[in-house]
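Colleague: Okay, here's the prediction I keep looking at, along with the sequence it came from:
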Amino acid sequence: SINDSRKLTIQGRAVSFDDTETIPLGYKSTIAGDFTIAIDHADGLFADHAVYLEDKTTGRVQNLAAGNYTFTTAIGTFAERFVLHYSSKNLGTGDFENLENFVLVSVKDKAIKVTTSKETIKEVTIFDITGKLLYDKTKIGSTELQISNLQSSNQILLVKVTLENDFITTKKVIFK
């Protein structure tokens, strides 16, 4: 956690508990790979209380009381990737046990993969940072889409995803 520009670890919280409080979490990694965040044990107030981890990079939220969160990282310092929440109310989207509109966009080996948790994908449109249209596909009807052979150089791309329920999100990815 970071407080007044000081790096801290969380060992405990003050006695006065406020479930609307949020705690930004950062980390530093000297290796690239997959890592897992988990609660070792909880006692007292937290024995029966949800603790939500929000991944600001992927947009995913995990109730750590219900299970671990595994993520992929590059080498570096990421001061503001995660936020801890004690209530789904301060996350602004309601019930996080039911993530119908969760969308993940990833890039690997010059291929873009779009995945949704439940709702099927209606349309995917990809733009470069100048707004030039690079890709557009409609009537997908699946929860996963793999886009290969995209004619683009190493750059930031905007991937606009429309789901069948008309939920729209735009994700930024580094295409390389």
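Modeller: Everything's here; your move. Residues are numbered from 1 along each chain as shown.

Colleague: what's the helix or strand for F78?
Modeller: strand 76-85 (DSSP states H and E).

Colleague: And that strand, what's buried?
Modeller: 81-85 (16 or more other Cβ atoms under 10 Å). For glycine as for every other residue, the C-beta is placed from the backbone atoms N, C-alpha and C.

Colleague: try stretch 128-137
Modeller: For stretch 128-137, by 16+ other Cβ under 10 Å, it's 134-135.

Colleague: can you check stretch 56-65 too?
Modeller: Judged by neighbour count (16+ other Cβ under 10 Å), stretch 56-65 contains these buried residues: 58-62, 64.

Colleague: Grab the most central residue of this protein for me.
Modeller: Compute the mean C-alpha point of the chain, and by Cα atoms, centre = their mean the closest residue is T58, 2.1 Å away.

Colleague: which ones are touching the closest residue to that residue other than its chain neighbours?
Modeller: Distance criterion Cβ to Cβ, 6 or more residues apart in numbering; nearest residue to T58, sequence neighbours excluded, is L104 at 5.8 Å. Applying Cβ atoms under 8 Å, 6 or more residues apart in numbering, we find L104 in contact with 58-60, 113-116.

Colleague: How about E144?
Modeller: 113-116, 121.

Colleague: So which of the buried residues of stretch 56-65 is the closest to L158?
Modeller: The nearest member of the buried residues of stretch 56-65 to L158, counting by Cβ to Cβ, is G59 at 14.6 Å.

Colleague: Would you mind measuring from that closest one to H41?
Modeller: 28 Å (Cβ to Cβ, to the nearest Å).

Colleague: got it, and K28?
Modeller: On the measure of Cβ to Cβ, K28 and H41 end up 25 Å apart.

Colleague: swap in T58?
Modeller: Taking Cβ to Cβ, one finds T58 at 26 Å from H41.

Colleague: tell me the two of the buried residues of stretch 56-65 that are most distant?
Modeller: By the measure Cβ to Cβ, G59 and L64 form the most distant pair in these, at 16.7 Å.

Colleague: Which members of the contacts of E144 occur in strands, if any?
Modeller: 113-116, 121 (DSSP state E).

Colleague: Comparing K28 and H41, which residue is more hemmed in?
Modeller: Neighbours were counted for K28 and for H41 using other Cβ atoms under 10 Å; K28 has more, 11 against 7.

Colleague: residues contacting the more buried one?
Modeller: 76-78.

Colleague: cutoff 10 Å now
Modeller: With contact set as Cβ atoms under 10 Å, 6 or more residues apart in numbering, K28 has these partners: 7, 73, 75-79.
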